[in-house]
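Engineer: The sequence and its predicted three-dimensional model are supplied below.
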Amino acid sequence: MSYVVDFSDVSTVGLESSPVADALAGLRANEARYFSTKYGHTFVTVPAAQAPEVLAWVTERLALRDVVVSSPALEVSDLEVEGIRWAHVFYENGLAVNALWTLAEGGKRAVGLKLSDGMEVPEELGAFKFARQRSKLAGTIRGSYFVVKGDHPPPPLGAWAHPPMT
């Protein structure tokens, strides 16, 4: 079942098992606000088990840097706006990963890592440097990223995903 993320009324729906559920919900809401403000797009998530192809694609992008997330994935989001595919995974430990893939040749391709307020840096991410950002919705977000090289296109949009926005 899909969940439309509301950044006005932050909810832990789908994230209840996380020890930092409130902070992770704030981080998810922060992503929803970004897509609403920048693109006018509704941010929708589904349980990770309902979109294994999205989770597998993000997991493969992380493996390019020898990162294997030890925490279970709770939710994923997959969307396309202005020629960019965005896949998000929200993990039980409070980690949020987004992979962006510009569909045009030579465009941006990267993976972003965000840590929820109150969580420790997972061992698998110890090699990354994290910058801090304040958010009204998520408290302090610590984020990092890496550029993806090579050809690793995303899977087709899932049936539950919103149609591409141009």
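Structural biologist: Looks like it arrived, so ask away.
Engineer: Can you name the residues bridging to the residue sitting nearest the centre point of the chain?
Structural biologist: The geometric centre of the chain, computed from its C-alpha atoms, lies nearest to His88 (Cα atoms, centre = their mean), at 2.6 Å. Applying DSSP bridges to His88 gives these bridge partners: Ser77, Asn98.
Engineer: Next, the buried residues of stretch 83-93.
Structural biologist: Across stretch 83-93, burial judged by 16 or more other Cβ atoms under 10 Å covers Ile84, Arg85, Trp86, Ala87, His88, Val89, Phe90, Tyr91, Glu92, Asn93. Every C-beta, even on glycine, is put in place using the N, C-alpha and C of the backbone.
Engineer: residues touching Val67, list them.
Structural biologist: Taking Cβ atoms under 8 Å, 6 or more residues apart in numbering, we find Val67 in contact with Glu124, Leu125.
Engineer: switch to 6 Å and redo it
Structural biologist: Applying Cβ atoms under 6 Å, 6 or more residues apart in numbering to Val67 gives the contacts Glu124.
Engineer: One more: Val58?
Structural biologist: The contact partners of Val58, by Cβ under 6 Å, 6+ apart, come to Ala87, Val89, Val97, Ala99.
Engineer: Show me the helices in the chain, by range?
Structural biologist: 21-39, 52-63 (DSSP state H).
Engineer: Let me know which of those is the nearest to Ala104.
Structural biologist: Closest of these to Ala104 is helix 21-39, at 16.6 Å (criterion: Cβ to Cβ).
Engineer: Please name the spatially closest residue to Ala29 (chain neighbours excluded).
Structural biologist: Excluding the flanking residues, the one nearest Ala29 by Cβ to Cβ, 6 or more residues apart in numbering is Phe7, at 4.2 Å.
Engineer: Which pLDDT does the model give the nearest residue to Leu103 once chain neighbours are set aside?
Structural biologist: In this structure, Leu103 finds its nearest non-sequential neighbour in Gly83, 5.0 Å apart by Cβ to Cβ, 6+ apart. On the pLDDT scale, Gly83 is placed at 91.
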